[in-house]
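In: next comes the sequence, and after it the predicted model I'd like to discuss.
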Amino acid sequence: MLAPMSYLTARDRVFELLELGRGRDPASQALDLILSGLIIVNVIVVMLETVPSIYVQYAAGFRVFEVISVIVFTIEYVARVWSSTADRFVAADGPIKGRLKFMLQPYQIIDLVAVLPFYLMLFEPFDLRALRIFRLLRFLKLVRYSRALTTLTNVMVRESRSLLAALVVMLGLLIASSTAMYHVERYVQPEDFGSIPAAMWWSLATLTTVGYGDVTPVTVTGKLIGALVMIFGLGMAALPIGILANGFAEEIKRRDFVVTWGMVARAPLFARLDAAEVATVMRMLRSKAVRSGEVIMAPGDPARAMYFIDQGEVEIHTFGKGDHHLSDGDFFGEQNLLTGGRRQALATAAHDTRLLVLDRDDLLHLLSLHPKIAEHLRAAAQEHRTDLDFSPPGPTATEDE
């Protein structure tokens, strides 16, 4: 949870803007958008500079834009290093050692490389166009601002052993196929298959299914080997993609599970459930999308479900008790869920919102199958003094179907 502004020092607030507030703090979101946009424009400018007619005409403008970009990225880098001690793990190593360790993290190295070539030019003159390759590394800074790219990076690290195994198998096939073609085709095509390294060009083009066609076998045996290499190549080209796709799906499931588990576990109704019981309840959740302004529940409606906000915002109007603004991770509608009473509040979607819905009938059915969970819910109801005290699960007379 973000700390109140009044309790934050300047260092803490900078750290919050740059590192912690993403997705929750409007100012942090705006800063991320600005920096992301600047990175994208930088990449576009570097590409446009390679067009001679455009570079000659706008060279001065490109230079000014580069200076402005370097100033912004330098301020960002310095601010990150300076505010890093707001992280207790960095601060534990002391202000100097902690910051040095922070600077050696991959993201910080990318940030440094993004601006370092410019400052090197101040001491040693270089052709700016010769340093484009280093400036294009600024594109890697987008990983910091993209959850999808961050997830993909995590997947690649987690699946590194599987990817390495696939690479080893691919290298083995490359060596085996090029050696075989060398022995079969070397006398017929000495220029293309005169050595194993020379034959590797054909093997690599075939295994990766690129198939340039500039080098092809002409003997019957060579063509048979080529056909086998093509078949193996189809599988080997798809193997790394399959590993990454499966890892990406597992990462998304894992992250969604953690987020959803946290939402369910925070609800007072489920306060006494252990991890396995919370996971059992989670499997009953269903997703529901609501449009901005749509009424989710109204006073007098029977309490047929409770809701968890997966993404979006909901306004709760409790007559005589004020209004409440709920957002990602919050829940509502737990009152009267088990007794089947009537709603006393109005809930509307402030924006397009995605909800996770726990239906009352499904929950009652679950309790009939798991008496231990029912016992825990009864204890939670008494502890939190809610209206959730209930008799053994079954049809209720108070609910208007």
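Out: Sure, I can see it.
In: Ile296 sits in which helix or strand?
Out: Per DSSP states H and E: Ile296 is located in strand 295-297.
In: output the contacting helices and strands for that strand.
Out: Counting by 3 or more Cβ pairs under 8 Å, 6 or more residues apart in numbering; DSSP states H and E, the packing neighbours recorded for strand 295-297 are strand 345-349. Using the backbone N, CA and C atoms, a C-beta is placed for each residue, glycine as well.
In: re earlier: next, the buried residues of the strand holding Ile296.
Out: By 16 or more other Cβ atoms under 10 Å, the buried positions in strand 295-297 come out as 296-297.
In: can you list contacts of that strand?
Out: For strand 295-297, contacts defined as Cβ atoms under 8 Å, 6 or more residues apart in numbering pick out 290, 307, 314, 333, 343, 345-349, 355.
In: and after the helix or strand Leu149 falls within, which helix or strand comes next?
Out: Remark: Leu149 resides in helix 147-158, with elements defined by DSSP H and E. Reading on from helix 147-158 to the C-terminus, the next helix or strand found by DSSP H and E is helix 160-185.
In: show me what the following helix or strand past that next one is packed against.
Out: As assigned by DSSP H and E, the chain's next helix or strand after helix 160-185 is helix 190-193. Under the contact definition 3+ Cβ pairs under 8 Å, 6+ apart, helix 190-193 sits against helix 160-185, helix 196-207.
In: tell me the gap between the first one and the middle of its chain.
Out: When you say that, I think you mean helix 160-185. Offset of helix 160-185 from its chain centre (Cα atoms, centre = their mean, to the nearest Å): 33 Å.
In: and the helix holding Leu149, what other elements does it pack with?
Out: Against helix 147-158 (3+ Cβ pairs under 8 Å, 6+ apart) you get helix 142-145, helix 220-266.
In: picking up where we left off before, partners of the strand holding Ile296, with directions?
Out: strand 345-349 (antiparallel) (DSSP bridges).
In: what sits up against the very next helix or strand once past the partner strand?
Out: Next helix or strand after strand 345-349 toward the C-terminus (DSSP H and E): strand 353-359. Contacts to strand 353-359, defined as Cβ under 8 Å, 6+ apart, come from residues 260, 263, 281, 284-290, 292, 296, 304-314, 337.
In: got the angle for strand 353-359 vs strand 345-349?
Out: 140 degrees (axes from the mean of the first three to the mean of the last three Cα atoms, to 10 degrees).
In: buried ones in strand 353-359?
Out: Buried-residue list, strand 353-359, by 16+ other Cβ under 10 Å: 353, 355-358.
In: and what of stretch 210-220?
Out: 215-217.
In: re earlier: let's have the contacts of strand 295-297 in TSV, adding pLDDT.
Out: Shown next, in TSV, are those (pLDDT from 0 to 100):
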residue	pLDDT
Val290	91
Tyr307	89
Val314	91
Gly333	83
Arg343	85
Ala345	86
Leu346	90
Ala347	91
Thr348	92
Ala349	92
Leu355	90
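In: for Lys288, helix, strand, or coil?
Out: strand (DSSP: H, G, I helix; E, B strand; the rest coil).
In: so what's it up against?
Out: Counting by Cβ under 8 Å, 6+ apart, Lys288 touches 354-357.
In: for Asp310, what is the enclosing helix or strand?
Out: strand 305-311.
In: what's the burial count for the closest residue to Met200 other than its chain neighbours?
Out: Leaving out its chain neighbours, the residue that sits closest to Met200 by Cβ to Cβ, 6 or more residues apart in numbering is Ser178, at 4.3 Å. Ser178 has 23 neighbouring residues, counting by other Cβ atoms under 10 Å.
In: so Val72 lies in a strand, does it not?
Out: No. Assigned with three-state DSSP, Val72 falls outside any strand and is helix.
In: pLDDT at the closest residue in space to it that isn't next to it in sequence, what is it?
Out: What sits nearest to Val72 in space, not counting adjacent residues and going by Cβ to Cβ, 6+ apart, is Leu38, at 6.2 Å. We have a pLDDT of 90 for Leu38.
In: show the contacting residues for Leu38.
Out: Counting by Cβ under 8 Å, 6+ apart, the residues that Leu38 touches are 69, 72-73.
In: what does Thr260 give?
Out: Residues near Thr260 by Cβ under 8 Å, 6+ apart: 282, 285, 308, 310, 356.
In: might you list the low-confidence residue ranges for the stretch 251-400 of the chain?
Out: 320, 338, 380-400 (pLDDT under 70).
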